[in-house]
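K.L.:
coords please:
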Amino acid sequence: MSDIQFASRAVGSAATCQDRAGVFMSRNALILVVADGAGGVTGGEHAAESLVRRVETHAASVAEAIDPIGWVTLLRECDAELCRDRRGGETTAVICAIDSEGRCGGASVGDSRAWFVSASDVLDLTTNQKRKPLIGSGRASPAPFFQSRTPLGTLLLGTDGLFNYVSRARIAECLEGASLAEAIELLLDAARAATGALQDDVGIAISRHATSSSRFGAHVSKL
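P.N.:
Numbers count the residues shown, from 1 in each chain. The predicted structure follows:
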């Protein structure tokens with residue numbers, strides 16, 4: 001996995017941030033996750049944080065990270081656990097594992113998304129996800145996804161604070177020719193209102209094989 005670059009960041013639009021993003025390493029894959037704690041109800045931040053920490057713990061022991069069924073099972077477990085938790089809270093979730101051959105698999109619930117962005121196209125891995133019920137409701141229905149061959153480009157996971165305010169074309173522009181750290185800053189800037197403030201919390205997790213760097217930017221960090 002030494003040829004995969006990665007970065008992640010979550011930024012709040014106010015004093016607190018209910019979005020979370022993370023990147024973790026399993027035995028044979030890189031695992032990216034974003035979660036958007038539901039606003040308007042108690043415990044959204046707790047729900048998002050709990051989910052990401054659960055993914056981190058699971059990454060250390062999972063045998064086949066690109067198997068989407070394992071992530072569906074994990075999200076169902078998180079749904080039940082958060083539903084029982086007295087601190088409550090609900091959250092979206094996207095989990096995507098990618099190996100050194102470019103195969104990827106994962107699962108999602110809500111309106112956060114996972115895209116493969118290449119120079120000429122966008123592949124939406126989360127096109128079949130169900131927006132509601134969310135993780136923590138006790139009724140979530142995670143949607144699996146799997147790609148045996150992914151395009152040369154950048155894997156981007158983001159919450160709706162990114163995708164609701166930045167067009168597909170602008171996202172591709174932010175990724176092209178930029179390092180991953182630069183790309184995250186460009187994406188955050190693109191999501192801002194004219195005042196310079198973010199219009200919603202934003203969580204981003206991003207990765208790229210080093211072989212993509214000639215087209216999409218330079219090295220950030222290696223596993």
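
K.L.:
Trp71 reaches Val94, doesn't it?
P.N.:
No. Using C-beta atoms under 8 Å as the test, Trp71 is too far from Val94 to be in contact (9.6 Å). For glycine as for every other residue, the C-beta is placed from the backbone atoms N, C-alpha and C.

K.L.:
quick check: neighbours shared by the two?
P.N.:
Gly106 (C-beta atoms under 8 Å, 6 or more residues apart in numbering).

K.L.:
between those two, which has more neighbouring residues?
P.N.:
It is Val94, of Trp71 and Val94, that has more neighbours when counted by other C-beta atoms under 10 Å, with 31 against 28.

K.L.:
point out where this protein drops to low pLDDT.
P.N.:
Where the chain drops to pLDDT under 70, the residues are 1-2, 40, 211-223.

K.L.:
doesn't Glu173 fall inside a helix?
P.N.:
Yes. Glu173 sits within a helix when classified using DSSP: H, G, I helix; E, B strand; the rest coil.

K.L.:
neighbours of it, how many?
P.N.:
Other residues close to Glu173 by other C-beta under 10 Å number 15.

K.L.:
and if you look at Thr16?
P.N.:
By other C-beta under 10 Å, the residues close to Thr16 number 10.

K.L.:
nearest residue to it in space, please, no chain neighbours.
P.N.:
Excluding its sequence neighbours, the residue lying closest to Thr16 (C-beta to C-beta, 6 or more residues apart in numbering) is Glu45, at 6.3 Å.
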